[in-house]
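Trainee: A structural model of the following input is requested.
(one chain, ligands or ions: 1)
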Amino acid sequence: METTPKAQAVELIKQAKTVLILTHRDPDGDALGSALALHLALLKLGKTVDTVFQGTIGDVFSYLPGYDQAKTELVGSNDLVLTVDTRQTGEELQLGYKKLPDEHRIKIIVTPPRGSLKPEDVTIESSLPKYDLIVMLDCSNLDRIGPLKDQFADLFYEVPTISIDHHADNNHFAKVNWVDLTATSTCEILVSLVESLGRDEPLLDADIATCLLTGLITDTGSFQHRPTPKSLTVAAQLVAAGARQQEIIERIYRSITLPRMRLWGRMLAKVQQDQKHKFIWSTITETDMAETGGGAGESSGLANELAKSVGDADFALLLTDRDGEVRGNLRSINPTCNVSEIAGLFGGGGHAAASGFRVKGTIQEKEETILNTIRHWRVPNGEKLPGEQRTSSTG
Ligand SMILES: [Mn+2]
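Mentor: Numbers count the residues shown, from 1 in each chain. Next up, the predicted model:
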């Protein structure tokens with residue numbers, strides 16, 4: 001019988017002693033919740049765990065159990081490693097060093113038992129962080145991991161990797177790929193992982209359940225976007241396990257910081273509607289961010305607010321710019337509108353109900369091009385609508 005990805009993942013995790021947990025950059029509630037739930041579960045199993053979050057994290061999530069234990073960068077160990085090719089010299093090397101105090105230098109001398117070593121026989125590198133397993137959550141491809149992927153590229157080749165995800169565009173980049181497209185969230189999949197890991201001693205407690213319910217709630221917009229019967233059953237199970245549902249709702253949906261409120265106001269003041277192509281859009285510029293006094297995390301989730309506000313539109317688009325990039329956040333309003341197709345026009349992706357993309361440049365430079373590309377896509381035959389100018393360039 002062929003082993004399922006789930007069985008393989010469970011086996012790898014059980015055997016591992018030191019585990020690195022990663023998720024996509026700018027993690028959302030599902031990414032944070034699934035990573036911290038697994039972090040807490042693995043600690044209970046006596047493993048050494050590092051969880052690293054990269055990019056912007058909304059302050060609203062600071063209530064998550066384990067939040068303070070997560071890191072924002074991955075450090076290699078202190079060692080510098082010299083690798084010597086001993087094929088011509090034999091392996092009984094002698095190591096010595098000579099101090100040059102006036103120059104504040106130390107020379108390391110490597111003497112081979114026979115022949116001589118040439119500079120090309122020696123390579124020097126920083127040592128990689130030491131893990132025996134990497135688990136990547138809520139990521140559809142390795143690029144979603146962010147800068148770590150390039151910073152420690154070898155790590156992803158040398159260490160076994162598991163990907164657990166629910167995105168339709170997952171490209172099976174890991175050694176073991178547990179991808180369940182029917183799951184509403186990665187947290188929903190993790191409930192079954194935590195159960196399997198806890199066969200001998202149940203792991204699911206109120207803290208882990210609170211992390212997992214957070215992902216279920218945020219990825220379904222508190223069960224507003226097409227919840228499946230399974231997701232509702234799993235949510236009930238988490239509440240029974242002590243998940244603090246009221247705290248989650250309170251923190252995510254009922255509290256707002258002053259900078260966020262100001263930013264929200266700016267976004268709403270700039271909402272525009274394209275009646276012909278049935279969508280609404282707004283923008284949040286770097287200047288808006290700076291003037292309202294919020295961090296970059298304040299803009300996360302505002303696309304959901306935008307999608308709430310209007311009936312006669314198929315989808316909502318929020319453009320934000322920072323660090324030389326325009327980020328587009330798409331939310332479907334009409335359930336038949338698959339916004340991941342729109343994100344795909346710009347090399348992005350995501351889900352039918354919520355997706356995103358990034359384009360180099362600023363809103364001022366790119367807004368018209370982005371809008372026109374979308375308008376063109378909305379009229380697939382290319383027939384020109386009266387009084388409209390269109391272009392198909394994507395910038
Ligand atoms: Mn997710």
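Trainee: which residue sits closest to whatever residue of the chain ends up closest to the ion, ignoring its sequence neighbours?
Mentor: Using C-beta to the ion, residue 30 is the residue of the chain that sits closest to the ion, at 3.4 Å. (C-beta placed from N, C-alpha, C; glycine too.) Among residues not flanking residue 30 along the chain, residue 215 sits closest, at 3.6 Å (C-beta to C-beta, 6 or more residues apart in numbering).
Trainee: what helix or strand does the one you found sit in?
Mentor: Per DSSP states H and E: residue 215 is located in helix 206-219.
Trainee: run through the neighbouring helices and strands of that helix.
Mentor: When contacts are defined as 3 or more C-beta pairs under 8 Å, 6 or more residues apart in numbering; DSSP states H and E, helix 206-219 packs onto helix 29-44, helix 186-197, helix 229-240, helix 245-253.
Trainee: as CSV, could you dump the C-alpha coordinates of stretch 60-79?
Mentor: Provided in CSV are the C-alpha atoms of stretch 60-79 (Å, rounded to 0.1, in the frame of the first residue of the first chain):
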residue,chain,number,x,y,z
VAL,A,60,-3.8,42.1,16.0
PHE,A,61,-2.3,38.7,16.1
SER,A,62,-0.1,39.3,19.2
TYR,A,63,-2.7,37.4,21.3
LEU,A,64,-1.8,34.1,19.7
PRO,A,65,-0.2,31.7,22.1
GLY,A,66,3.5,31.2,21.3
TYR,A,67,3.6,34.5,19.4
ASP,A,68,6.6,35.8,21.5
GLN,A,69,8.6,32.6,20.9
ALA,A,70,8.7,33.0,17.2
LYS,A,71,11.8,34.6,15.5
THR,A,72,12.0,37.1,12.8
GLU,A,73,15.3,35.8,11.4
LEU,A,74,17.2,32.7,11.0
VAL,A,75,20.8,32.6,12.1
GLY,A,76,23.4,30.1,11.1
SER,A,77,25.6,28.7,13.9
ASN,A,78,28.8,30.8,14.8
ASP,A,79,31.1,28.4,13.1
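Trainee: surely residue 371 is within a strand?
Mentor: No. Assigned with DSSP: H, G, I helix; E, B strand; the rest coil, residue 371 falls outside any strand and is helix.
Trainee: which residues sit against the helix holding residue 215?
Mentor: Outside helix 206-219, the residues that touch it by C-beta atoms under 8 Å, 6 or more residues apart in numbering are 28-34, 36-37, 40-41, 61, 64-66, 138, 184-188, 190-191, 194, 223, 231, 234-235, 238-239, 241-245, 247-249, 252.
Trainee: that one versus helix 29-44: what angle between them?
Mentor: Per axes from the mean of the first three to the mean of the last three C-alpha atoms, to 10 degrees, the angle that helix 206-219 makes with helix 29-44 is 160 degrees.
Trainee: most neighbours per residue, which of the helices and strands packed on helix 206-219?
Mentor: helix 29-44 (a mean of 26; mean count of other C-beta atoms under 10 Å).
Trainee: CA atoms only: put the helix or strand following that one into PDB for me.
Mentor: Per DSSP H and E, the first helix or strand lying C-terminal to helix 29-44 is strand 48-52. The C-alpha coordinates for strand 48-52 follow below in PDB (Å, rounded to 0.1, in the frame of the first residue of the first chain):
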ATOM      1  CA  THR A  48      13.600  21.600  19.700                       C
ATOM      2  CA  VAL A  49      11.600  24.000  17.500                       C
ATOM      3  CA  ASP A  50      12.300  27.300  15.700                       C
ATOM      4  CA  THR A  51       9.500  29.200  14.000                       C
ATOM      5  CA  VAL A  52      10.600  32.100  11.800                       C
END
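Trainee: strand 48-52 vs helix 29-44, what angle?
Mentor: Going by the same axes, to 10 degrees, strand 48-52 makes 160 degrees with helix 29-44.
Trainee: buried residues in strand 48-52?
Mentor: 49, 50, 51, 52 (16 or more other C-beta atoms under 10 Å).
Trainee: which helices and strands does it pack with?
Mentor: Judged by 3+ C-beta pairs under 8 Å, 6+ apart, the packing partners of strand 48-52 are strand 18-23, helix 29-44.
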